[in-house]
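1. Whatever this is, show me its structure:
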Amino acid sequence: MIIKRYFVLFLLLGFVSCDKDSQDGVPLVSSDIVGSWQIVSESYSIGGPQISAEVKNGAIYSFSSDGTFVLYKSDLSSVIYSGTFDYKDEVITLNYVRDGEAAYWDLKTSFEDDFLTWYPIGPTICIEGCSTTLKRLVR
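-> Okay, here's the model as predicted:
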């Protein structure tokens, strides 16, 4: 009888831990981030009210379902940098090498229609607040 109880407890813990693992990260294949996005505006402050500026011919981020990304110049003619990304709990982490050194950005994400807004949360943050808005080009 005790063996049955332990067996049931073991199965229950197994199911709970498997369920937790599947919810830790957003599956990249079904993630809203996969596709191409162009920077269309930036917002920042220099100690006063928020300033928003339209970005013409902004750079393009291309996110693949295999967890890689590439940042291109707006005409897609050259790569600015590339790397891997992780998207979890509304935060995207971009891991890349720039100027020969490993770097990363943690960005809180907000989706609205075909727009994505990023708010930097590390390693550097904007004390006065800042954001970058991107428009979806391709899914």
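2. Can you get me a residue count around Ile80?
-> Residues contacting Ile80 under the criterion other C-beta atoms under 10 Å number 13. Using the backbone N, CA and C atoms, a C-beta is placed for each residue, glycine as well.
3. cool, the one 10 residues further on as well?
-> Burial of Glu90 is recorded as 12 neighbouring residues (other C-beta under 10 Å).
4. Quick check: closest non-adjacent residue to it.
-> In space, not counting the residues next to it along the chain, Glu90 is nearest to Thr109; the distance is 5.4 Å by C-beta to C-beta, 6 or more residues apart in numbering.
5. That neighbour sits in which helix or strand?
-> Per DSSP states H and E: Thr109 is located in strand 101-112.
6. Also Thr133?
-> Following DSSP H and E, the helix or strand that holds Thr133 is strand 131-138.
7. which helices and strands sit right next to that strand?
-> For strand 131-138, the packing partners by 3 or more C-beta pairs under 8 Å, 6 or more residues apart in numbering; DSSP states H and E come out as strand 35-44, strand 115-122.
8. redo that, cut-off 10 Å
-> Packed against strand 131-138 by the contact rule (3 or more C-beta pairs under 10 Å, 6 or more residues apart in numbering; DSSP states H and E) you find strand 35-44, strand 51-54, strand 60-63, strand 101-112, strand 115-122.
9. contact partners of the third one?
-> If I follow you right, that is strand 60-63. With C-beta atoms under 10 Å, 6 or more residues apart in numbering as the contact definition, strand 60-63 has outside contacts at 28, 31-39, 68-76, 79-80, 82, 85, 87, 92, 94, 116, 118, 132, 134-135, 137-138.
10. Narrow these to those that are buried.
-> Buried residues within those, defined by neighbour count using 16 or more other C-beta atoms under 10 Å: 28, 31, 33-39, 69-72, 82, 85, 87, 92, 94, 116, 118, 132, 134-135.
11. Many thanks, I have nothing further to ask.
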